[in-house]
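> Sequence first, predicted coordinates after that:
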Amino acid sequence: MTSTQARHTRRAVLQSAVDAGSRCATADPDLFFRADDEGLAAWRARRTEAISLCTGCPVRAACEELALRDGDGRPDADEMVRAGLTGRELAAGRAAHAERLAAAVDADRDTEGRQLDTLTTRLHTEAGTNPDSNRNGGVRSMAARTAAQNDRLIALAAQIRQIRTDRRARAGWGVAA
Ligand code: SF4
């Protein structure tokens, strides 16, 4: 694999590591985020708990790199914890590594763009294919082929939707946007 290819697949590698090894997989996601009306004392207690959970997490480095690439944290708000860092600490990390992160985020977007192109082409090709084009198996096989094609279409559409949802979430549009 070339260094360019490695850059383009880095995000997926980081995400796989976090998915496989995170200590917070079964934790309440609300632990990591301050509620809109939450007082500082209550948030501080939860923030400490969240940071403790991250301490010793085997994928903390990967989690931090993803958080930086995702643009998590704001310099002017104490509202979250990710990778054992507060939002302000993440914002400071982003500022300190701005040039490297900009290149990494570009590589991530290139990769997603290619994935979207490939998946969209496969979806259109699949949708334009007649599942009944091979009748050798009879009516029952035709039904099975149609069902299998529907499953493939649903899976492709789900992959496309997931990539778009992730991109929107990172852009601050929210998961449901
Ligand atoms: S470092 Fe913290 S937020 Fe990141 S995966 Fe581990 S426990 Fe979860």
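Good, I have the coordinates. Keep in mind the model is a prediction, meaning the values are calculated, not measured. Residues are numbered from 1 along each chain as shown.

> May I ask which helix or strand encompasses the nearest residue to residue 132 once chain neighbours are set aside?
Spatially, and ignoring its direct neighbours in sequence, residue 132 is nearest to residue 142 (5.3 Å; CB to CB, 6 or more residues apart in numbering). C-beta coordinates here come from the backbone N, C-alpha and C atoms, glycine included. Secondary structure assignment for residue 142, by DSSP states H and E: helix 138-170.

> Going by neighbour count, which residues of that helix are buried?
Using 16 or more other CB atoms under 10 Å as the test for burial, helix 138-170 gives 142, 145, 149, 152, 156, 159-160, 163, 166, 170.

> So among the residues you listed, where is pLDDT lowest?
Ranked by pLDDT, these bottom out at residue 170, which has 65.

> how about CSV for the buried residues of helix 138-170, with distance to residue 65 added?
Below are the buried residues of helix 138-170 laid out as CSV (distance: CB to CB, whole Å):
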residue, distance to residue 65
142, 49
145, 44
149, 39
152, 33
156, 29
159, 23
160, 25
163, 19
166, 16
170, 14
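
> what bridges to residue 77?
Assessed by DSSP bridges, residue 77 has beta-bridge partners residue 74.

> Counting neighbours, what do you get for it?
If you count neighbours by other CB atoms under 10 Å, residue 77 ends up with 12.

> go on, residue 76?
Number of residues near residue 76 (other CB under 10 Å) recorded here: 8.

> And for residue 3?
Neighbours of residue 3 under the rule other CB under 10 Å: 7.

> per-residue pLDDT, it?
76.

> before we move on, what about the one 3 residues further on?
Model confidence at residue 6, expressed as pLDDT, equals 73.

> which strands and helices sit next to the helix or strand where it lies?
Here residue 6 sits within helix 3-21, counting by DSSP H and E. Helix 3-21 makes packing contacts with helix 60-70, helix 98-127 when contacts are defined by 3 or more CB pairs under 8 Å, 6 or more residues apart in numbering; DSSP states H and E.

> name the helices or strands packed onto the next helix or strand after it?
Helices and strands here follow DSSP H and E; after helix 3-21, the next one along the chain is helix 40-54. The helices and strands touching helix 40-54, judged by 3+ CB pairs under 8 Å, 6+ apart, are strand 81-82.
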